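Engineer: Have a look at this prediction, sequence included:
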Amino acid sequence: MSAPATLSAPPVQLTLPRPVPVQRVRKPKKNIPQTLAERTRVLMAARDYVEKEKPVPPLPADQLRIHADRLAADLQLDPIYSDYVGVLINNELWRETLAAVPYERRLLLIPKCLRVESKCPAPFDEFGLLCKQCGLCSIQDLQNEAERLGYAVLVAEGSAIVMSLIQTGKIEAIVGVSCLSVLERAFPYMEAAAVPGVAVPLLQDDCIDTTVDLDWVWDYIHLTSDDRTRRMDLGALREEVEFYFTPLALDSIMGPAHGDTERISREWLQRAGKRWRPFLTVAAYQALQAEPGAPIPDSLKKLAVAVECFHKASLIHDDIEDDDAERYGEATLHSEHGVPVALNVGDLLIGEGYRLLSESGFSSEQRVAMLQVAAQGQRELCRGQGAELHWTRNPRPLNSVEVIEIFEKKTAPAFAVALHIGAIAAGVDSHEDVAPVLEAYSKAMGIAYQIRDDLEDYTQGGVGAPDDLEAMRPGVVMSAGWERAQGDAKDILTSRWKRETTHNTAAVRQACIESGALDRCQDLLERYKEEAIRSLAELENASLKGLLRRVIGKIFNDTEIKGWCKEFEQANGVAPQS
């Protein structure tokens with residue numbers, strides 16, 4: 001069997017994706033939980049509450065308030081969050097109804113305040129903003145994607161317009177983006193018309209240049225009953241995958257360990273790690289099943305562990321080549337056991353990965369395809385690491401594109417291997433249908449993942465992983481800083497790129513910060529996340545598309561709260577914070 005076309009195609013010239021604007025950060029207020037983890041906790045609690053209590057929509061505002069107050073109290077939330085909790089409960093009441101409504105019978109309502117008001121060239125008519133597709137704000141992407149699916153889209157605020165559309169009988173469900181004050185005013189109209197509606201509150205502190213959690217909006221826009229994974233609990237799935245790397249589970253999946261080398265390799269597999277790659281293998285397989293929630297077969301568990309074997313082997317070798325002393329907050333394997341033992345353990349893990357693939361129990365055609373994918377991924381990873389090692393022999397400043405090319409080869413292949421193997425396990429024909437999208441998605445997500453890690457070296461000091469800044473390795477933040485810096489800062493960064501020790505890490509970090517490199521790289525991170533999202537546009541399998549979209553939100557859970565608008569503050573007597 002020949003390798004999939006996407007794996008043997010000639011390389012494409014790397015270009016940066018088009019800009020995705022990053023809105024200004026604003027001072028948070030207290031109307032909504034201020035961390036993504038807390039908002040997710042409340043969302044899951046609202047989902048459980050609706051499942052248990054089974055309130056019947058449409059709920060009048062006073063009844064919804066009773067449920068919201070009750071859940072807020074159960075969660076020990078400040079009562080000021082009750083409006084937010086009410087929005088989540090109402091969304092969950094209508095979620096499955098919305099999923100059953102065809103896209104062409106839905107309305108997406110976007111507020112005009114998402115635009116960059118000072119630069120927006122779009123005029124207004126009686127129906128709202130007429131977007132000029134300038135790319136300055138998120139309105140363009142939301143409108144284009146929704147209209148591609150078949151939605152009617154309005155960039156406006158005002159119940160009269162919405163009600164007139166509802167009365168035509170052509171709109172059967174609404175996805176609305178707005179601040180809580182506007183949602184509160186619009187609620188009686190939707191409740192009176194019994195129109196299924198879900199709402200995404202703005203993350204803002206003004207009525208201009210506002211922001212919203214795009215992951216949340218995107219999830220609702222694409223919600224469809226064709227996506228059989230929409231009810232999957234990705235948190236629970238990740239916990240199940242994590243269980244595969246406990247001692248007893250590993251012995252069950254891999255067979256008992258024999259000798260010190262195998263024992264050390266199992267201990268290394270059990271060490272801390274995010275397990276994103278085996279998670280992606282299982283998730284891709286599940287998404288392509290007729291029943292995504294069915295029990296995971298033992299054969300798939302072997303594939304998940306194989307993918308992690310490849311990854312953990314690469315970390316051992318990477319740590320040796322870079323002479324890193326710590327990983328996961330502990331001594332690296334070669335620091336603990338010596339370089340010869342560590343090299344041998346890494347080699348063993350690569351062999352174990354191929355063994356598990358070959359012994360997985362899938363058809364011979366599937367196993368050949370998996371082995372080809374894994375071998376190609378290993379080859380790409382080594383090419384990326386080789387480019388970095390070659391640079392260390394003749395260090396020089398690298399620009400952002402050159403660093404991202406290294407990221408593309410070092411990080412993206414592991415994500416691609418994980419997804420390809422999961423899809424192949426679901427069926428060779430299924431894999432061939434989705435392989436090009438998986439390749440593009442993995443490339444963008446892998447680059448974004450590495451940019452995020454690089455940023456953390458500057459904001460968190462490389463917590464949990466080797467610090468590339470401290471080790472004087474190529475990083476996108478330092479490349480962006482070097483491209484923008486002037487004077488003494490330019491000299492400091494040039495010296496560090498040449499791996500000279502004249503300037504300490506604190507001086508390098510400060511030079512990058514003062515040059516605006518962190519903002520530039522945060523923008524790049526958002527661009528590549530958006531690129532991964534866009535890569536899914538041509539994916540026809542609704543279940544895989546929906547799941548991969550939610551995976552991005554799961555991995556990059558870094559949305560910030562920006563506060564609430566002046567209009568809301570004035571209407572409710574909220575004093576501005578100093």
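Structural biologist: Done, it's in. Keep in mind that what you see is a predicted model, and the values were worked out from it rather than measured.

Engineer: helix or strand for Val373, which one?
Structural biologist: Assigned by DSSP states H and E, Val373 falls within helix 364-393.

Engineer: buried residues in that helix?
Structural biologist: 366-370, 372-374, 376-378, 380-382, 384-385, 387-388, 391 (16 or more other C-beta atoms under 10 Å). The way it works is simple: take the backbone N, C-alpha and C, and place the C-beta from them, glycine included.

Engineer: Repeat that for stretch 479-486.
Structural biologist: Ser479, Ala480, Gly481, Trp482, Glu483, Arg484, Ala485.

Engineer: Mind checking which of the residues you listed are in helices?
Structural biologist: Using DSSP state H, Ser479, Ala480, Gly481, Trp482, Glu483, Arg484 are the members of the buried residues of stretch 479-486 that sit in helices.

Engineer: re the thing from before, how much distance is there from the helix holding Val373 to the middle of the chain?
Structural biologist: Relative to its chain's centre, helix 364-393 lies at 24 Å (C-alpha atoms, centre = their mean, to the nearest Å).

Engineer: Which strands or helices does the following helix or strand past it pack on?
Structural biologist: Going down the chain from helix 364-393, the next helix or strand is helix 400-410, by DSSP H and E. In terms of contacts (3 or more C-beta pairs under 8 Å, 6 or more residues apart in numbering; DSSP states H and E), helix 400-410 is packed against helix 364-393, helix 428-459, helix 476-484.

Engineer: distance between the last one and the chain's centre?
Structural biologist: This means helix 476-484. 24 Å.

Engineer: Just after it, pick out the following helix or strand.
Structural biologist: Next along from helix 476-484, by DSSP H and E: helix 487-497.

Engineer: what packs against whatever helix or strand comes next after that following helix?
Structural biologist: Later in the chain than helix 487-497, the nearest helix or strand by DSSP H and E is helix 505-515. Counting contacts by 3+ C-beta pairs under 8 Å, 6+ apart, helix 505-515 packs against helix 428-459, helix 476-484, helix 487-497.

Engineer: Show me what whichever helix or strand Lys302 is part of is packed against.
Structural biologist: Here Lys302 is covered by helix 298-322, with elements defined by DSSP H and E. Using 3+ C-beta pairs under 8 Å, 6+ apart as the contact criterion, the elements in contact with helix 298-322 are helix 247-254, helix 259-270, helix 276-287, helix 333-337, helix 339-358, helix 364-393, helix 412-426.

Engineer: orientation of it relative to helix 276-287 in degrees?
Structural biologist: 160 degrees (axes from the mean of the first three to the mean of the last three C-alpha atoms, to 10 degrees).

Engineer: Give me the helices and strands touching the helix or strand just after helix 298-322, please.
Structural biologist: Scanning forward in sequence from helix 298-322 by DSSP H and E, the next helix or strand is strand 326-327. If contacts are counted by 3+ C-beta pairs under 8 Å, 6+ apart, strand 326-327 sits against no helix or strand.

Engineer: Tabulate the helices and strands packed on helix 298-322 in CSV, adding columns for mean pLDDT.
Structural biologist: Listed next are those as CSV, based on pLDDT from 0 to 100:
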stretch, mean pLDDT
helix 247-254, 95
helix 259-270, 94
helix 276-287, 94
helix 333-337, 93
helix 339-358, 96
helix 364-393, 93
helix 412-426, 95
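
Engineer: Pick the most buried one from these.
Structural biologist: Comparing the helices and strands packed on helix 298-322 by mean neighbour count (mean count of other C-beta atoms under 10 Å), helix 412-426 comes out on top with a mean of 28.

Engineer: Taking helix 259-270 as reference, get the angle to the helix holding Lys302.
Structural biologist: Using the same axes, to 10 degrees: helix 298-322 against helix 259-270 is 100 degrees.

Engineer: Relative to Asp433, how far out is Arg231?
Structural biologist: 24 Å (C-beta to C-beta, to the nearest Å).

Engineer: Toward the C-terminus, what is the element adjacent to the helix or strand bottoming out on mean pLDDT in the chain?
Structural biologist: Every helix and strand of the chain was ranked by mean pLDDT, DSSP states H and E. The lowest is helix 5-8, at a mean of 36. Using DSSP H and E, the next helix or strand after helix 5-8 towards the C-terminus is helix 36-53.

Engineer: Which neighbouring elements make contact with that following helix?
Structural biologist: Under the contact rule (3+ C-beta pairs under 8 Å, 6+ apart), helix 36-53 is packed against helix 61-74, helix 82-100.

Engineer: Let's see that with 6 Å instead.
Structural biologist: Counting contacts by 3 or more C-beta pairs under 6 Å, 6 or more residues apart in numbering; DSSP states H and E, helix 36-53 is packed against helix 82-100.

Engineer: now what about the helix it packs on, what contacts it?
Structural biologist: 32, 43, 46-47, 50, 57, 64, 67-69, 71-72, 173, 180, 196, 198-199, 223-225 (C-beta atoms under 6 Å, 6 or more residues apart in numbering).

Engineer: Now do the same contact list for Ser178.
Structural biologist: Pro111.

Engineer: tell me the phi and psi of it?
Structural biologist: Ser178 adopts backbone torsions of phi -170, psi 170, taken as degrees, to the nearest 10.

Engineer: Tell me what it is bridged to.
Structural biologist: Pro201 (DSSP bridges).
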